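# let's see this in three dimensions:
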Amino acid sequence: MQLPAEAVTTTALIEVVRISALPTRRDDPYPGTVVAHWAGDEAADALALIESLPGSEQHRCG
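Residues are numbered from 1 along each chain as shown. Predicted coordinates for the structure are as follows:
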């Protein structure tokens, strides 16, 4: 999956959220609890894994 290069190079922290339900309205964020913070190598490794995912519609989550 192609990620914007600027986003990858400037990411300093990824906040991992366990989604607990669907949003109540269309533009509301997904509710959930923060379960981890990834910084440094952890964040870079996570982004590298995301970038290695195939780009076809069948393989996207969301």
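
# shaky segments in the protein?
By pLDDT under 70, the low-scoring segments of the chain are 56-62.

# where do the strands sit along it?
Secondary structure of the chain (DSSP state E): strands located at 13-19, 32-39.

# what does the longest one rub up against?
Read it as strand 32-39. 12-21, 46 (C-beta atoms under 8 Å, 6 or more residues apart in numbering). (Each C-beta comes from the backbone N, C-alpha and C, glycine too.)

# what angle separates the lengthiest helix in the chain from strand 32-39?
In the chain, assigned by DSSP state H, the helix with the most residues is helix 41-51. Helix 41-51 and strand 32-39 are oriented at 110 degrees to each other (axes from the mean of the first three to the mean of the last three C-alpha atoms, to 10 degrees).

# report the buried residues of helix 41-51.
43, 47 (16 or more other C-beta atoms under 10 Å).

# can you show me the CA trace of it as CSV?
Only the C-alpha atoms of helix 41-51 are listed here, as CSV (Å, rounded to 0.1, in the frame of the first residue of the first chain):
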residue,chain,number,x,y,z
ASP,A,41,11.9,2.0,15.4
GLU,A,42,8.5,0.6,16.3
ALA,A,43,6.7,3.3,14.3
ALA,A,44,9.1,2.9,11.4
ASP,A,45,8.6,-0.9,11.4
ALA,A,46,4.8,-0.5,11.5
LEU,A,47,4.9,1.9,8.5
ALA,A,48,7.2,-0.5,6.6
LEU,A,49,4.7,-3.3,7.1
ILE,A,50,1.8,-1.2,5.9
GLU,A,51,3.8,-0.2,2.8
